[in-house]
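Trainee: no letters, just coordinates:
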């Protein structure tokens, strides 16, 4: 019997999220498991699979027609020997904009108000008031996000949410995107990715949301960090390998950049000997910007919408472009 595999522990998904799957997939055996021995016993029957480990495990199976991954990025999958097979791969793009939007602006505001410096002082029980309180802004080097200019590299679902939030601070929003044929709400200027170097000197805040592809690997190198406005803040919630980490460290240690908020790194976990740990104008989070209690509920809504399309023979959304790798 043709099978739809949900690659989760049974306790992960709530009944309210699962019922639409059962309603739609009445011609399928719906199996919820992460047990690979059980999955291997069903391998020849599985037509649809959901989940990252299960996609890696099953890609290339004779009857697998559609694999839905539980993440937005698929860089971890592109080297799979069957990545270019006829199996349709879709992703969970749309789950992350809200939590990542909150995370990014927490970082921007925290860096603008010099919270890393204050947090270090708090740990040492130090009252970090300057000797001349009347020029506190000069001593602490705070600045206002309000009315500044942000450059968002990558204008997918996450970039669009960041642009929306930026307008609450009356920010001028510059953005790059592969396809600029259509305008994007809340973006003042939309440019092709090839014009990034011309835009970097204009931005007080630079946010990278770009996926990892051959074209984006180390796209932010020493030249790019040098091109950024002195005193700018850099945020990366895309992929760590899209930047030259040593170049970023140099830009921070020299004082050229005012700070960085980093959720992703070239090597994860970030090695204990990385200089980034000790730079006092850096905020480090361990790749959890997209984490939210609503992850599975939102993810299931995206999958169920596509499941309805699949059963009705309609085109799917969130289809991964295998040539571009995202």
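Mentor: That came in fine, so what should we check first? It should be emphasised that the depicted structure is a prediction, and the values quoted were computed from it without experimental measurement.
Trainee: for the most centrally placed residue in the chain, give its distance to residue 219.
Mentor: Centroid check for the chain by Cα atoms, centre = their mean gives residue 238 as the closest residue, at 4.4 Å. Using Cβ to Cβ, to the nearest Å, one obtains 10 Å as the distance from residue 238 to residue 219. Where C-beta positions appear, they are placed from N, C-alpha and C, glycine not excepted.
Trainee: overlap in contacts of the two?
Mentor: Taking Cβ atoms under 8 Å, 6 or more residues apart in numbering as the criterion, residue 238 and residue 219 both touch residue 210.
Trainee: still on that earlier bit, check the residue nearest to the centre of the chain and give its pLDDT.
Mentor: You'll see residue 238 listed with a pLDDT of 97.
Trainee: and it, helix, strand or coil?
Mentor: At residue 238 the chain is in coil, as set by DSSP: H, G, I helix; E, B strand; the rest coil.
Trainee: what's the spacing between residue 38 and residue 5?
Mentor: Taking Cβ to Cβ, one finds residue 38 at 9 Å from residue 5.
Trainee: same thing with residue 197?
Mentor: In terms of Cβ to Cβ, residue 197 sits 45 Å off from residue 5.
Trainee: next: residue 165.
Mentor: 37 Å.
Trainee: which one of the two has more residues nearby?
Mentor: Comparing residue 165 with residue 5 by other Cβ atoms under 10 Å, the one with more neighbours is residue 5, at 29 against 20.
Trainee: got phi/psi on that one?
Mentor: phi -100, psi 120 (degrees, to the nearest 10).
Trainee: next, the contact list for it, please.
Mentor: 31, 33, 39, 42, 46, 48-51, 54, 58.
Trainee: with residue 21 instead?
Mentor: Counted by Cβ under 8 Å, 6+ apart, residue 21 has contacts 4, 6, 30, 300, 303-304, 307.
Trainee: for the record, mean pLDDT for the helix or strand it falls within?
Mentor: Under the criterion of DSSP states H and E, residue 21 resides in helix 15-24. Per-residue pLDDT values over helix 15-24 give a mean of 95.
Trainee: and if you look at stretch 218-235?
Mentor: 97.
Trainee: what of stretch 49-69?
Mentor: 97.
Trainee: can you give the distance of the helix holding residue 21 from its chain's centre?
Mentor: 28 Å (Cα atoms, centre = their mean, to the nearest Å).
Trainee: got it, and stretch 183-201?
Mentor: 19 Å.
Trainee: and the helices in this protein?
Mentor: 15-24, 36-42, 52-58, 97-112, 115-123, 136-140, 157-168, 196-199, 222-227, 245-253, 295-311 (DSSP state H).
Trainee: mind checking which of those helices is nearest residue 75?
Mentor: With respect to residue 75, and counting by Cβ to Cβ, the nearest of the helices of the chain is helix 52-58 at 11.7 Å.
Trainee: identify each buried residue in that closest one, please.
Mentor: 52, 54-55, 57-58 (16 or more other Cβ atoms under 10 Å).
Trainee: check contacts around the residue nearest to residue 48 when sequence neighbours are not counted.
Mentor: The shortest distance from residue 48 to any non-neighbouring residue, by Cβ to Cβ, 6 or more residues apart in numbering, is to residue 4 (4.5 Å). Contacts for residue 4 (Cβ under 8 Å, 6+ apart) come out as 21, 25, 28-31, 46-50.
Trainee: next: residue 286.
Mentor: Under the criterion of Cβ under 8 Å, 6+ apart, the contact list for residue 286 reads 263, 268-270.
Trainee: now those residues as JSON lines including neighbour count and pLDDT?
Mentor: Converted to JSON lines, the contacts of residue 286 look like this (neighbours: other Cβ atoms under 10 Å; pLDDT from 0 to 100):
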{"residue": "263", "neighbour count": "21", "pLDDT": "98"}
{"residue": "268", "neighbour count": "11", "pLDDT": "97"}
{"residue": "269", "neighbour count": "9", "pLDDT": "98"}
{"residue": "270", "neighbour count": "18", "pLDDT": "98"}
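Trainee: need these in TSV (columns: distance to residue 16).
Mentor: Compiled in TSV, these are given as follows (distance: Cβ to Cβ, whole Å):
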residue	distance to residue 16
263	30
268	34
269	35
270	38
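Trainee: need the residues touching each of residue 38 and residue 5.
Mentor: When contacts are counted by Cβ under 8 Å, 6+ apart, residue 38 and residue 5 have residue 31 as shared neighbours.
Trainee: least confident secondary structure element in the protein?
Mentor: The least trusted helix or strand in the chain, going by mean pLDDT, DSSP states H and E, turns out to be helix 136-140, with a mean of 52.
Trainee: which regions of this protein sit below the pLDDT cut-off?
Mentor: 130-140 (pLDDT under 70).
Trainee: could you list the domains of it?
Mentor: Domain ranges of the chain: 3-95+293-311, 97-284, per automatic domain parsing.
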